[in-house]
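1. heads up, no residue letters with this:
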């Protein structure tokens, strides 16, 4: 069976770390402990300096970005509404013109039918003795 080598690697790293601090402190466990704590505090301070702080600064930045996004969204909505209004007015004008053209064609056809009916009526009445 294969076993994980992670515990062995962690144990060797820990033993190496203890050995380093004991060697650098001249073999004194108390001095090695103080050096380890000093290094740990320095690393923690470095990490804290790199991590962005939450609170007033972050809140102010969030509000600023929120306002910028809000302005962009409002602008997009206004542009969309303006374009929709323009398209609506153009569609209404097109519909009005189409209706007028259709009514004009219907009137022409109606006039032709009435003229044809009048000619037919006069032609038939001439056969039967009408005026």
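-> Cool, got the structure. In this text the structure is predicted, and so the values were computed from the model without any measurement.
2. For the helix or strand where residue 79 lies, give the mean pLDDT please.
-> Residue 79 is part of helix 56-127, with elements assigned from DSSP states H and E. The average pLDDT within helix 56-127 is 88.
3. neighbours around residue 40, how many?
-> Residue 40 is flanked by 10 other residues according to other CB atoms under 10 Å. Every residue, glycine included, has its C-beta placed from N, CA and C.
4. List the buried residues for the helix or strand containing it?
-> Assigned by DSSP H and E, residue 40 falls within helix 29-50. By neighbour count on 16 or more other CB atoms under 10 Å, the buried set for helix 29-50 is 32, 35-36.
5. Next, format those residues as JSON lines and append pLDDT and distance to residue 44.
-> What follows is the buried residues of helix 29-50, written out as JSON lines (pLDDT from 0 to 100; distance: CB to CB, whole Å):
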{"residue": "32", "pLDDT": "87", "distance to residue 44": "19"}
{"residue": "35", "pLDDT": "89", "distance to residue 44": "15"}
{"residue": "36", "pLDDT": "87", "distance to residue 44": "12"}
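6. Nearest to residue 59 among the residues you listed?
-> residue 36 (37.2 Å; CB to CB).
7. in terms of contact, does that closest one touch residue 21 like I think?
-> Yes: the pair residue 36 / residue 21 is scored as a contact, 5.1 Å apart, by CB atoms under 8 Å.
8. Report the central residue of this protein.
-> residue 73 (9.7 Å; CA atoms, centre = their mean).
9. what's the spacing between residue 90 and residue 98?
-> Residue 90 sits 12 Å away from residue 98, taking CB to CB, to the nearest Å as the criterion.
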